[in-house]
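**Q** any chance you can model this:
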Amino acid sequence: MTDQLAGCLTPSGHELRIRVYFEDTDFSGVVYHARYLNFLERGRSDLLRLKGIGHGELLAGKFGPSMAFAVRHMDIDFLRPARIDDVLTVETRTHRLGGARILLIQRITRGEEALVEAKVKVAVISPEGKPMRMPAAVLAQLAPAGD
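**A** Below you'll find the model as predicted:
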């Protein structure tokens, strides 16, 4: 059973459906560009949650030393606008894993139409902000599909 609020795991990663509300838009009814960062963050957080490695568990030390994920770099292509009341899908998949880094590929779509594409580099850090290696159990859960 999955928590529908957190979207669902898919063979390639994770999908989360989001509705565009008035608060997400600018004066013209188009989604404000910075709001897409929020949508992408929800997709990443819910991927972790459904894989059993939510932010709270990481910080609490469930997998070893206390740790967190921090976005280190992001490349975003804004392809088409979303508008108020659109229903969007945030797709998240692990592309590459390193000992202390994750490269995620994310897309926001409206039906079959791609609106936003992002490459997100995430670093593993200690609560003090120092880089650290990812525990084996976390690596195994985040392995790209097909690995």
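**Q** per-residue confidence at Gly54?
**A** pLDDT, Gly54: 89.
**Q** scratch that, Tyr32 is what I was asking about
**A** On the pLDDT scale, Tyr32 gets 97.
**Q** my read: it touches Tyr21, true?
**A** No. Taking Cβ atoms under 8 Å as the definition, Tyr32 is not a contact partner of Tyr21, at 11.6 Å. To be clear about C-beta, it is placed using only N, CA and C from the backbone, and glycine gets the same treatment.
**Q** and the longest strand along the chain, what's buried?
**A** Using DSSP state E, we find that the single longest strand of the chain is strand 113-125. For strand 113-125, burial by neighbour count (16 or more other Cβ atoms under 10 Å) applies to Leu115, Val116, Glu117, Ala118, Val120, Lys121, Val122, Ala123, Val124, Ile125.
**Q** strands of the chain, start to end?
**A** So, for the chain - with DSSP E - the strands run 8-10, 13-19, 68-78, 87-97, 101-110, 113-125.
**Q** with adjacent residues omitted, what lies nearest to Leu58?
**A** Among residues not flanking Leu58 along the chain, Met67 sits closest, at 5.2 Å (Cβ to Cβ, 6 or more residues apart in numbering).
**Q** do you know the pLDDT at the one you found?
**A** Predicted confidence (pLDDT) for Met67: 95.
**Q** that one and Leu50, how far apart?
**A** 19 Å (Cβ to Cβ, to the nearest Å).
**Q** again with Thr109
**A** The value you get for Thr109 to Leu50, if Cβ to Cβ is used, is 19 Å.
**Q** who's in contact with the most centrally placed residue in the chain?
**A** By Cα atoms, centre = their mean, the mean C-alpha position of the chain lies nearest to Arg44, the distance being 1.8 Å. The neighbours of Arg44, taking Cβ atoms under 8 Å, 6 or more residues apart in numbering as the test, are Phe69, Thr92, Leu104, Gln106, Val120, Val122.
**Q** hmm, 10 Å instead?
**A** His14, Leu16, His55, Phe69, Val71, Val90, Thr92, Ile102, Leu104, Gln106, Val120, Val122 (Cβ atoms under 10 Å, 6 or more residues apart in numbering).
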